[in-house]
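Participant: the following block contains a protein sequence and its predicted model.
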Amino acid sequence: MRLNSAVAGASVVLVSLLFVPGAFAQHVVEVRGADTKYRFADWNYTGPTGGVVDVFYVGVPGSNELNVGAGWAFRKGAFVVTPLAYAVAGKEDGQLGVKLALLVAADRDGWKLAAFLADYIPAAGDVESYVVLDTLDLTRAIGKRWELGVQAGFFKTGDAWNQQIGPLVKFNDRLGAWAASYRFGPDNEFRVGRILVLPSTR
């Protein structure tokens, strides 16, 4: 087992020991796009006892992935940590594999954090293993609707890195939030997104 896979596995165990489920239930739909032709669409359901189902598509030039996964959300104070496991299938290069991931969210005293870190482990095809942070958002509430902050991310395969970081602005409304960022790195990227939070019966 590779080192980063072992770390991800240990994180899942540690989180399971430290956190207890909270009573919440919701559907979240998110779409993103960028001038680099990055595209993302996600549907996430968190049940009232913390069970999570997550299905997302992510595409960049030369790669189109479908990820179907599940996990468990654990709440501790202002933090929600969700370990997830996905089956991954790609359109190109016969890609099949699994992805171990951690989704972290926090909201306290006007500060908000959201991060998704994942480790892809190939099972078939020519797509190599990779680690991705997409994304890490840290924002501060400005008034009732606006958030300002920073967005960071990276994609690492072998010795190749693509790190990005830049300013982020969010506008919250009754349905969710709009987001726009400009990320600087080897490939500068202007990104926009929309999040919809849908009520769920408990």
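Facilitator: That came in fine, so what should we check first? Numbering: from 1, shown residues only.
Participant: where's residue 144, which helix or strand?
Facilitator: Under DSSP states H and E, no helix or strand contains residue 144.
Participant: please renumber so the chain begins at 56
Facilitator: Sure, I'll start numbering at 56, so the last one becomes residue 199.
Participant: buried stuff in stretch 221-228?
Facilitator: Neighbour counts over stretch 221-228 (16 or more other Cβ atoms under 10 Å) mark 221, 223, 224, 225, 227 as buried. Using the backbone N, CA and C atoms, a C-beta is placed for each residue, glycine as well.
Participant: just put those in a markdown table and tack on distance to residue 177.
Facilitator: Shown next, in a markdown table, are the buried residues of stretch 221-228 (distance: Cβ to Cβ, whole Å):
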| residue | distance to residue 177 |
| --- | --- |
| 221 | 30 |
| 223 | 32 |
| 224 | 37 |
| 225 | 35 |
| 227 | 38 |
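Participant: which among the residues you listed gets closest to residue 155?
Facilitator: residue 223 (26.1 Å; Cβ to Cβ).
Participant: report the distance from stretch 194-206 to the chain centre.
Facilitator: Put simply, stretch 194-206 sits 19 Å off its chain's centre (Cα atoms, centre = their mean, to the nearest Å).
Participant: give me the residues contacting it.
Facilitator: Contact with stretch 194-206 is made by 165-167, 190-193, 220-228, 232, 236, 238, 246, as judged by Cβ atoms under 8 Å, 6 or more residues apart in numbering.
Participant: where's the residue sitting furthest away from the middle of the chain relative to residue 164, distance?
Facilitator: In terms of distance from the mean C-alpha position of the chain, residue 198 ranks first, at 25.8 Å (Cα atoms, centre = their mean). Look at residue 198 and residue 164: by Cβ to Cβ, to the nearest Å, they are 15 Å apart.
Participant: ok, residues contacting stretch 92-106?
Facilitator: By Cβ under 8 Å, 6+ apart, the residues outside stretch 92-106 that reach it are 76-88, 107-116, 125, 127-130, 137, 189, 244, 246, 248, 255, 257.
Participant: filter those down to the buried ones, PyMOL style.
Facilitator: Remark: buried members of the contacts of stretch 92-106, expressed as a PyMOL selection using 16+ other Cβ under 10 Å:
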select buried, resi 76+83+84+85+87+88+107+109+111+113+114+127+128+129+130+137+189+244+246+248
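Participant: alright, that wraps it up for me.
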